[in-house]
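**Student:** What would the 3D arrangement of this be:
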Amino acid sequence: MYAIVRAGGRQERVAVDDVLTVDKLAGEVGSTVTFPAVLVVDGDDVVSGSADLARYEVTAEILGAVKGPKINIMHYRNKTGYKRRMGHRQPYTEVKITGIKAGK
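**Tutor:** Coordinates of the predicted model:
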């Protein structure tokens, strides 16, 4: 069984016990978050209707905060002696999928 969930502006394919890196979430390590399901596949059964998807719940546990790769930014203007170097590391949150359940 797997699901496609909406997480941080992207859609990710997840199954139980997958570790996923998403955009930074508010919450402490060990707390639980839920993601809205876009599609659920259980063997040959595919659920994609919005009324049916409202019953499904994808839960995850926050493992911690991580940072993405360093991106170097260089500004340069010719013949003026102007150059600036900057860097950026995007903050992410690592989560572990704990369950994909059909609710009420």
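**Student:** is the residue most central in space within the chain in a bridge, and if so with what?
**Tutor:** The centre of the chain sits closest to residue 22, judged by C-alpha atoms, centre = their mean, with a distance of 2.7 Å. Judged by DSSP bridges, the bridge partners of residue 22 are residue 93.
**Student:** surely it meets residue 12?
**Tutor:** Yes: Residue 22 is within contact range of residue 12, at 7.4 Å (criterion: C-beta atoms under 8 Å). From N, CA and C alone the C-beta is placed, and that goes for glycine too.
**Student:** sorry, back to before: tell me who's in contact with the residue nearest to the centre of the chain.
**Tutor:** For residue 22, the contacting residues are 7, 8, 10, 12, 92, 93, 95, by C-beta atoms under 8 Å, 6 or more residues apart in numbering.
**Student:** Against residue 51, how distant is it?
**Tutor:** Going from residue 22 to residue 51 by C-beta to C-beta, to the nearest Å gives 26 Å.
**Student:** Now do the strands in this structure.
**Tutor:** With DSSP state E as the criterion, the chain has strands at 2-7, 10-14, 19-23, 32-35, 37-42, 45-47, 56-67, 71-77, 82-88, 91-102.
**Student:** Now render the ones you listed as CSV, adding mean pLDDT.
**Tutor:** Converted to CSV, the strands of the chain look like this (pLDDT from 0 to 100):
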stretch, mean pLDDT
strand 2-7, 92
strand 10-14, 93
strand 19-23, 95
strand 32-35, 94
strand 37-42, 89
strand 45-47, 86
strand 56-67, 95
strand 71-77, 97
strand 82-88, 97
strand 91-102, 94
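**Student:** Return the most buried member of the ones you listed.
**Tutor:** Comparing these by mean neighbour count (mean count of other C-beta atoms under 10 Å), strand 2-7 ranks first with a mean of 19.
**Student:** what's the angle from it to strand 37-42?
**Tutor:** Relative orientation of strand 2-7 versus strand 37-42 (axes from the mean of the first three to the mean of the last three C-alpha atoms, to 10 degrees): 170 degrees.
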